[in-house]
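1. Give me a 3D structure for the following:
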Amino acid sequence: MVAKKDTQPNSRKSHIRRTDLSRFAMMVMLIAAVNLAGSLFFTRIDLTSEKRYTLSPATRDMLRQLDDHVYFRVYLEGDFPAGFKKLRRETKEMLDEFRAYSKFIGYEFVNPSAGENKQERDETYKILIERGLSPTDLQVRTKQGTQQQIIFPGALVYYRDREFPVELLDNQLNAPPEAVLNSSAQNLEFKLAEVIKKLSRLQKPAVAFIEGNGQLNSNEVFDITAELSDQYRVERIFPDGQVNSLIRRSEPDSEGNVRLQRNFEAVIIARPLASFSEKDKFILDQFIMHGGKVLWLIDPVLTSMDSIQFSESTVGVDLKHNLDDQLFKYGVRLNRNLVLDLNSAAIPMRTGQVGNQPQIEFFRWHYFPLLNPASNHPLVRNLNSIKSEFVSSIDTVLVPGVKKTPLLKTSDYSRTVSTPALITLAMLREKPDERLYNRPGQITSWLLEGRFPSLFANRIAPEIADSKEIGFKSESEPTAMIVVADGDIIRNQFHIPNGYPLPLGFDQFTRQTFGNKDFILNAVSYLVDGPGLVGIRSRELKIRLLDMTQVQDSRTFWQVINVAVPVLLVLLFGIVLAYLRKRKYSRQQ
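-> Residues are numbered from 1 along each chain as shown. This is a model prediction of the structure:
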């Protein structure tokens, strides 16, 4: 008798094979469907806790509106320390994010020190400096020892026939390198988006410096004027009682209606020394009522270093600029005092003679406080310290419909002196009494936003208020203004002895660069363009640094863990796998 051949195992194998093939086919179809959906619907998922790789809506909208190529040539290529390698990686990842939203973004990383000889490298450095990039010297450890290395942590950006430099490394005084690099990474989106906006803007908004009341002249604001000219059409206007100086009025139509339109988006009033007439105040008031923005840089106290250049002392007195009632109506009061701060800028003083050369020493001049952010507002976030000169404090007044945000303040080691205030260089020869510097930080700048009441409401004749030609408004459109109780923060120094203007914020005596320029640029950008790009500064990237003390204490323990644990895991996996295989085949038998 012949036994029948058992076909059940073969049928079972064919069934398993068909099941595997069907699963594989379904997997391929699923992957193809996902790829097809990804090509039709753009999306990105950011799994970082602080949304490091999520661009702001303002940046995404700007990138989608690009109509021509923007090319970044980034000079962060080479053998750098770990911190700069991180900055390079962050820059590349940010540019990749930009390119994900616009096909017109391109970039390359260039090593400026790749020249074959020193002469070629020096020529490259010279070209980059002429084009607006600042070098940074580093001490780099190599196998041969320590050597000096020059890097250019910046980029040149090209759009059509235009070129613009952008610095990628922040300059912050008294900040550790890790904090500076982290701050630079936080501001990458803002810097890169801002330079694209500068290059791609077809029509520049108009900004004006008001003159005619002893304001800083064009040379004293030369550097900031040049910087603003990259983004705005900058003019100097002398109102002189002309009602059309800030707001132009069209010819009356058949019904007698007159169309009013602002000549400027914002105006800057930089340290007036003479009194404003009521007519000029009315022109400013109506400019604000029609939505105009104002950057007030006002000194409540009249004094300067020129007053004590040839004598050891002077007196600070009230400055009669006739703006107190107008600013009070809008919501702030400039105090007639001077703020002194132990955290202040240094000034040079001649203390003797060494041979034919004068001996110069630097002393902290407490009348020059270093101002720092008074809030977390993006306008002042991550800014370097701002140098002030004879600054005063500002109080706020309750005005319905007006929101007030503090921007700048002194340190918690401050004091105030009321006018008339005796100012003498003799205090430099004495150790300051720290018990006097016990006041908290004094607010020196405010941002005001909302609908402002007119100073001239109920003060002018009804026939003038009702005139269509005048277009008088008793309440403003939604607008904003910034008030700073120091006019000197916008004034640049002049080179000694050649006399040419220096960059705003650069102190030629201490060779330090303060944040004055960035603050003014941010202020004008916020007033003119709104909180869009400036709001990017509000993002905060967490800096995750190792505790080096704990690392050194537990170094051996973690070395053993890193070496032994992987080996033990492999051995354990092998033992478990061998056991499972033995058990599986013993059951089949």
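
2. which secondary element of the protein has the worst mean pLDDT?
-> Lowest on mean pLDDT, DSSP states H and E among the helices and strands of the chain sits helix 462-465, with a mean of 62.

3. Assign residue 30 to helix, strand or coil.
-> Counting by DSSP: H, G, I helix; E, B strand; the rest coil, the backbone at residue 30 sits in helix.

4. Now do it against residue 16, distance only.
-> 21 Å (CB to CB, to the nearest Å). The way it works is simple: take the backbone N, C-alpha and C, and place the C-beta from them, glycine included.

5. could you pull out the helices for this protein?
-> 8-40, 57-64, 82-101, 118-130, 177-186, 188-200, 222-228, 278-289, 324-330, 462-465, 516-529, 548-553, 555-588 (DSSP state H).

6. other SSEs contacting the second one?
-> Going back to what we said before, that points to helix 57-64. Here helix 57-64 touches helix 82-101, helix 188-200, going by 3 or more CB pairs under 8 Å, 6 or more residues apart in numbering; DSSP states H and E.

7. quick one: it to helix 82-101, angle?
-> If you take axes from the mean of the first three to the mean of the last three CA atoms, to 10 degrees, helix 57-64 sits at 60 degrees to helix 82-101.

8. I'd like to know how many residues surround residue 454.
-> Under the neighbour criterion other CB atoms under 10 Å, residue 454 is assigned a count of 22.

9. give the contact list for it.
-> Contact partners of residue 454, counting by CB atoms under 8 Å, 6 or more residues apart in numbering, are 285, 286, 289, 329, 472, 473, 474, 475, 476.

10. ok, 7 Å please
-> Applying CB atoms under 7 Å, 6 or more residues apart in numbering to residue 454 gives the contacts 285, 289, 473, 474, 475.

11. can you tell me the average pLDDT over stretch 65-84?
-> In this model, stretch 65-84 has a mean pLDDT of 87.

12. end-to-end on that stretch?
-> End-to-end distance of stretch 65-84: 32 Å, with CA to CA, to the nearest Å as the criterion.

13. So which bits of that stretch are buried?
-> By 16 or more other CB atoms under 10 Å, the buried positions in stretch 65-84 come out as 66, 70, 72, 74, 75, 76, 78, 80, 83, 84.

14. Please apply the same query to stretch 287-299.
-> 287, 288, 289, 290, 292, 293, 294, 295, 296, 297, 298, 299.

15. Was I right to think residue 424 contacts residue 311?
-> No - using CB atoms under 7 Å as the test, residue 424 is too far from residue 311 to be in contact (9.4 Å).

16. Could you identify which of the helices of the chain is most buried?
-> Highest mean neighbour count among the helices of the chain (mean count of other CB atoms under 10 Å): helix 516-529, with a mean of 23.

17. Would you quantify the distance from the spatially closest residue to residue 294 that is not a sequence neighbour to residue 299?
-> Nearest-residue entry for residue 294: residue 481, 4.4 Å, with adjacent residues in sequence omitted and distances by CB to CB, 6 or more residues apart in numbering. Going from residue 481 to residue 299 by CB to CB gives 17 Å.

18. how many neighbours does the spatially closest residue to residue 312 that is not a sequence neighbour have?
-> Leaving out its chain neighbours, the residue that sits closest to residue 312 by CB to CB, 6+ apart is residue 425, at 4.8 Å. Per other CB under 10 Å, the neighbour tally for residue 425 reads 16.

19. so residue 425 makes contact with residue 308?
-> Yes - under the criterion of CB under 7 Å, residue 425 makes contact with residue 308 at 6.1 Å.

20. re the thing from before, can you tell me which of the helices of the chain is nearest to residue 360?
-> Judged by CB to CB, the one of the helices of the chain that comes nearest to residue 360 is helix 516-529, at 23.6 Å.

21. Helix 57-64 and the closest one, what's the angle between them?
-> Using the same axes, to 10 degrees: helix 516-529 against helix 57-64 is 80 degrees.

22. quick one, helix 516-529 and helix 188-200 angle?
-> Using the same axes, to 10 degrees: helix 516-529 against helix 188-200 is 70 degrees.

23. Take stretch 197-211, keep the C-alpha atoms, and write them as CSV.
-> Output of stretch 197-211 as CSV, limited to C-alpha atoms (Å, rounded to 0.1, in the frame of the first residue of the first chain):
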residue,chain,number,x,y,z
LYS,A,197,13.5,92.6,2.7
LYS,A,198,16.0,95.4,2.2
LEU,A,199,17.1,94.1,-1.2
SER,A,200,13.7,93.1,-2.6
ARG,A,201,11.8,96.2,-1.5
LEU,A,202,10.8,98.1,-4.7
GLN,A,203,9.7,101.4,-3.1
LYS,A,204,11.3,102.7,0.0
PRO,A,205,9.1,104.2,2.7
ALA,A,206,9.9,107.8,3.6
VAL,A,207,11.4,108.9,6.9
ALA,A,208,12.3,112.4,7.9
PHE,A,209,14.6,114.1,10.5
ILE,A,210,12.8,117.2,11.9
GLU,A,211,15.1,120.2,12.0
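
24. Next, the buried residues of that stretch.
-> 197, 198, 199, 200, 204, 206, 207, 208, 209, 210, 211.

25. Ok, stretch 131-139 next?
-> By neighbour count on 16+ other CB under 10 Å, the buried set for stretch 131-139 is residue 133.

26. and it, how far out from the chain's middle?
-> Distance, stretch centre to chain centre, for stretch 131-139: 20 Å (CA atoms, centre = their mean, to the nearest Å).

27. Also stretch 278-286?
-> 32 Å.

28. same deal with stretch 554-562?
-> Distance, centroid of stretch 554-562 to centroid of chain: 42 Å (CA atoms, centre = their mean).

29. Touching that stretch from outside, list them.
-> Residues outside stretch 554-562 that contact it (CB under 7 Å, 6+ apart): none are found.

30. what's the longest strand in this structure?
-> In the chain, taking DSSP state E as the definition, the longest strand is strand 357-373.

31. got the angle between it and helix 516-529?
-> Here the directions of strand 357-373 and helix 516-529 differ by 30 degrees (the same axes, to 10 degrees).

32. quick one: contacts for the residue lying closest to residue 320 once chain neighbours are set aside?
-> Among residues not flanking residue 320 along the chain, residue 275 sits closest, at 5.5 Å (CB to CB, 6+ apart). For residue 275, the contacting residues are 320, 321, 322, by CB under 7 Å, 6+ apart.

33. If you rank these by neighbours, which is first?
-> Highest neighbour count within the contacts of residue 275, by other CB under 10 Å: residue 321, with 23 neighbours.

34. What is the burial count for the closest residue to residue 450 other than its chain neighbours?
-> Using CB to CB, 6+ apart and skipping the chain neighbours, the partner closest in space to residue 450 is residue 402 (4.1 Å). By the criterion of other CB under 10 Å, residue 402 has 20 neighbours.
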